[in-house]
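J.: mind looking at a prediction? Sequence and model below.
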Amino acid sequence: MIKGREIKENNSSFPFTYRDDLRWVKSQFLKFEIFQFPNPYLCLVENQKKDIRKLSLTELEEFFVAQGEKKFRAKQVYEWLWNKSLKNFDDMSNLSLSTRELLKNHFSINHIQVDLMQHSSDGTIKNAVKLFDDKIVESVLIPTTKRITACVSSQVGCSLDCNFCATARLKRMRNLTPGEIYDQVVAIKEEAETYFQRPLTNIVFMGMGEPLLNYANVIEAIDKITAPEGLGMAPRRITLSTVGIPKMIRKMADDDVKFNLAISLHSAINETRSRLMPINDTNPLEDLGDALKHWYHKTKRKVTYEYVIWEGVNDDERHARALAKFCKIIPSKVNIIQYNPIDEGEFRQAKPEAVELYVRILESQGIIAKVRKSRGQDIDAACGQLANKNEVAQLSSI
Ligand code: SAH
């Protein structure tokens, strides 16, 4: 039977984002064990075996010892699970048949499946990834001459309502587990080798969801991605992109994380930013700036601001100057990203002259500003387009 602790860990460190999810209701019933009578929900959960990748190496060792097996088996299994990404126990060839049976009786491996792979004319690949509960998330491989980048999701849907983003339309359904995040990277790593004969070089958390609202699982996934017994990737090749939740930015700095931070800024004027991103109402730019000072003080790493310029929204000199001022709070650079239309809605990409105005103002103040081309637009794989046309994801919500 799944215990309350696991259910809590499995979900959010921010319960307020979770209450819209019927699973929360289910977990409350389970936590307080108020079901004293046969209940179909409970049976379903009881019959589900525990996902073995939720165990740490120590917990796996404890399991083997409790079962009268040798402790070192845990290390072998752990390597199969993470380093070699095995999807079933039968392939663990250095284990005896009885040990494999033991594992099968107690655990499942909730591996993702790439359900649909789409290739863009510019080389970008988008994976629709099916999770063990049939939910769908998307991840993207972005090839350039120098890099192959994996853009991965951290949640099914998103709770944040940024009103220019397709994922926001899906609402948040659940957090991804560390294994599910890790598997997306492995799938893209394999595709990089198969389709480009090149290694995966970078990872960005810019897919579906807000990584800082699934902090524990994202950190655990990154630990596995960077560990020698995982994928052994350097943390400086990983970038976490966030709407900018001050409390969590402080926490990351205190946790001494080694990866890079990108903030989806889009405006350095509170009024405009709140219109675009409701999270700014309760977490205004002043608080964000203070948290970023703390980040820089602790990590000494500059931050990247992601910024879309929309016609009639933030395409004037006042907004450009406000951005330049915000950029001075700590060392930073700006990625001006192209708007990827998600419907016939209110937003339109600004004219090239507005983009030039921004670049001129930023550069005149010594701030590095790069204008990023959009990738994979023809398959809805560009920033903010994930889940745009993916009806499956909507249908598979609870
Ligand atoms: N929640 C995280 C990561 C997901 S979005 C965050 O907000 O950073 C990844 C990036 O795409 C963010 O910078 C986001 O603001 C941007 N984005 C969202 N919708 C977009 C759109 N329609 N066009 C261009 N960029 C978009």
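T.: Now that the structure is in, tell me what you want to look at. Numbers count the residues shown, from 1 in each chain.
J.: C-alpha only now, for contacts and for neighbours.
T.: Will do.
J.: neighbours around Asp380, how many?
T.: Around Asp380 there are 22 other residues, counting by other Cα atoms under 10 Å.
J.: does the longest helix along the chain come close to the ligand?
T.: The longest helix of the chain (DSSP state H) is helix 178-196. No. Helix 178-196 stays clear of the ligand (Cα under 6 Å from any ligand atom), getting no nearer than 13.7 Å.
J.: and that helix, what does it pack against?
T.: strand 136-143, strand 148-151, helix 215-226 (3 or more Cα pairs under 8 Å, 6 or more residues apart in numbering; DSSP states H and E).
J.: just the C-alphas of the helix or strand just after that helix, formatted as PDB.
T.: Downstream of helix 178-196, the first helix or strand assigned by DSSP states H and E is strand 202-205. C-alpha atoms of strand 202-205 as PDB (Å, rounded to 0.1, in the frame of the first residue of the first chain):
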ATOM      1  CA  ASN A 202      23.000  20.600 -23.200                       C
ATOM      2  CA  ILE A 203      19.700  20.300 -21.300                       C
ATOM      3  CA  VAL A 204      17.200  23.100 -20.700                       C
ATOM      4  CA  PHE A 205      14.200  22.900 -18.500                       C
END
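J.: what about the residue lying closest to Met208 once chain neighbours are set aside, neighbour count?
T.: For Met208, ignoring the flanking residues on the chain, the nearest one in space by Cα to Cα, 6 or more residues apart in numbering is Ser153 at 4.4 Å. Ser153 has 28 neighbouring residues, counting by other Cα under 10 Å.
J.: again, but for the one 10 residues further on
T.: Other residues near Asn163 come to 16 when the count uses other Cα under 10 Å.
J.: OK, contacts around it?
T.: 276-277 (Cα atoms under 8 Å, 6 or more residues apart in numbering).
J.: host element of it?
T.: Judged by DSSP H and E, Asn163 forms part of no helix or strand.
J.: model confidence for it, exactly?
T.: On the pLDDT scale, Asn163 is placed at 90.
J.: so which residues on the stretch 251-398 of the chain come close to the ligand?
T.: 263-264, 306, 338-342, 383-385.
J.: can you pull the buried residues of stretch 209-229?
T.: 209-227, 229 (16 or more other Cα atoms under 10 Å).
J.: correct me if wrong: Thr226 contacts Ala234.
T.: Yes. At 5.9 Å, Thr226 and Ala234 qualify as touching, with contact defined as Cα atoms under 8 Å.
J.: out of the residues of the stretch 251-398 of the chain next to the ligand, which is nearest to the ligand?
T.: Within these, the smallest distance to the ligand is 3.0 Å, found for Gly384 (Cα to the nearest ligand atom).
J.: look at the closest one and report its pLDDT.
T.: Gly384 is given a pLDDT of 67.
J.: for the stretch 1-150 of the chain, give me the ranges with low pLDDT.
T.: 1-47 (pLDDT under 70).
J.: so who does Gly289 touch?
T.: Contacts of Gly289 (Cα under 8 Å, 6+ apart): 326, 329.
J.: hang on, the earlier thing: list, out of the buried residues of stretch 209-229, those positioned next to the ligand.
T.: 209-210.
J.: need the contact list for Ile219.
T.: Ile219 touches Pro178, counting by Cα under 8 Å, 6+ apart.
J.: for the nearest residue to Asn88 once chain neighbours are set aside, give me its contacts.
T.: Excluding its sequence neighbours, the residue lying closest to Asn88 (Cα to Cα, 6+ apart) is Ile109, at 6.6 Å. Residues counted as contacts of Ile109 (Cα under 8 Å, 6+ apart) are 51-53, 87-88.
J.: ditto for Trp310
T.: 339, 347-350.
J.: may I see the residues you listed organised as TSV, with secondary structure, pLDDT and neighbour count added?
T.: Listed next are the contacts of Trp310 as TSV, based on DSSP: H, G, I helix; E, B strand; the rest coil; pLDDT from 0 to 100; neighbours: other Cα atoms under 10 Å:
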residue	secondary structure	pLDDT	neighbour count
Tyr339	coil	92	22
Phe347	coil	91	18
Arg348	coil	93	16
Gln349	strand	94	19
Ala350	coil	96	19
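J.: ok so, going back, restricted to strands, list the residues of the stretch 251-398 of the chain next to the ligand.
T.: 263-264, 306 (DSSP state E).
J.: need those in JSON lines (columns: distance to Lys130).
T.: Output for those, formatted as JSON lines (distance: Cα to Cα, whole Å):
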{"residue": "Ile263", "distance to Lys130": "28"}
{"residue": "Ser264", "distance to Lys130": "27"}
{"residue": "Glu306", "distance to Lys130": "29"}
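J.: select from those the one having the most neighbours.
T.: Glu306 leads those on contacts (other Cα under 10 Å) with 21 neighbours.
J.: wait, isn't it in contact with Ser267?
T.: No. Applying Cα under 8 Å as the test, Glu306 and Ser267 come out as separate, 9.6 Å apart.
J.: residues contacting Glu138?
T.: By Cα under 8 Å, 6+ apart, the neighbours of Glu138 are 126-129, 152-153, 207-208, 386-387.
J.: which residues does the spatially most central residue of the chain contact?
T.: Centroid-nearest residue in the chain: Ser154, 2.6 Å away (criterion: Cα atoms, centre = their mean). Ser154 makes contacts with 175-176, 181, 205, 207-211, 214, 218, as judged by Cα under 8 Å, 6+ apart.
J.: not counting its neighbours along the chain, what's nearest Leu86?
T.: That would be Trp80: by Cα to Cα, 6+ apart, it lies 5.7 Å from Leu86.
J.: okay, the one you found and Val371: tell me how far apart.
T.: Separation of Trp80 from Val371 (Cα to Cα, to the nearest Å): 42 Å.
J.: perfect, that will be all.
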